[in-house]
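**Q** give me coordinates for this.
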Amino acid sequence: MPKNPIDKLEELIPRLVNETQQLREDNQRLLKELKAYRSDLERAEKDGARLQSKAQRLGDLENAHKRLEKDQNKIRSTVKNLLAGIEKIGTTS
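**A** Okay, here's the model as predicted:
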């Protein structure tokens with residue numbers, strides 16, 4: 001015998017309530033996950049900015065080191081030339 005509309009509603013309402021409750025729980029869980037992902041993203045962006053700043057500083061230090069090495073080589077060359085000149089003076093005296 002076919003069910004009347006009231007009987008159908010009596011069956012469907014508890015299922016609807018359960019489904020609604022499940023959707024609310026899923027929504028809460030997803031909101032928590034979203035909050036966690038946003039927090040992770042914010043932390044990653046801060047870390048990225050900090051790393052970029054450190055990379056820039058490292059590049060600056062490397063450039064300064066290269067300039068210092070060039071200056072050191074120039075000084076070394078000048079000292080060698082001066083020592084060679086002093087040796088010539090010492091051998092001609």
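
**Q** can you tell me the element Leu30 falls in?
**A** For Leu30, the element it lies in under DSSP states H and E is helix 5-92.

**Q** for that helix, name the packing helices and strands.
**A** Helices and strands touching helix 5-92, as assessed by 3 or more C-beta pairs under 8 Å, 6 or more residues apart in numbering; DSSP states H and E, are absent. C-beta coordinates here come from the backbone N, C-alpha and C atoms, glycine included.

**Q** tell me the mean pLDDT for that helix?
**A** Averaging pLDDT along helix 5-92 yields 95.

**Q** I'd like the distance from it to the chain centre, please.
**A** With C-alpha atoms, centre = their mean, to the nearest Å as the basis, helix 5-92 stands 2 Å off its chain's centre.

**Q** spatially central, which residue of the protein would that be?
**A** Closest residue to the average C-alpha location of the chain: Gly48 at 2.8 Å, with C-alpha atoms, centre = their mean.

**Q** ok, that one to Lys88 distance?
**A** Distance, Gly48 to Lys88, by C-beta to C-beta, to the nearest Å: 60 Å.

**Q** same check, this time on Asn81
**A** 11 Å.

**Q** how many residues are close by Glu69?
**A** Using other C-beta atoms under 10 Å, Glu69 is surrounded by 10 other residues.

**Q** ok, now Glu42?
**A** 10.

**Q** Asp71 now?
**A** 10.

**Q** just Tyr37 next, same as before
**A** Neighbour number of Tyr37 under other C-beta under 10 Å is 10.

**Q** with Leu30 instead?
**A** There are 10 residues near Leu30, going by other C-beta under 10 Å.
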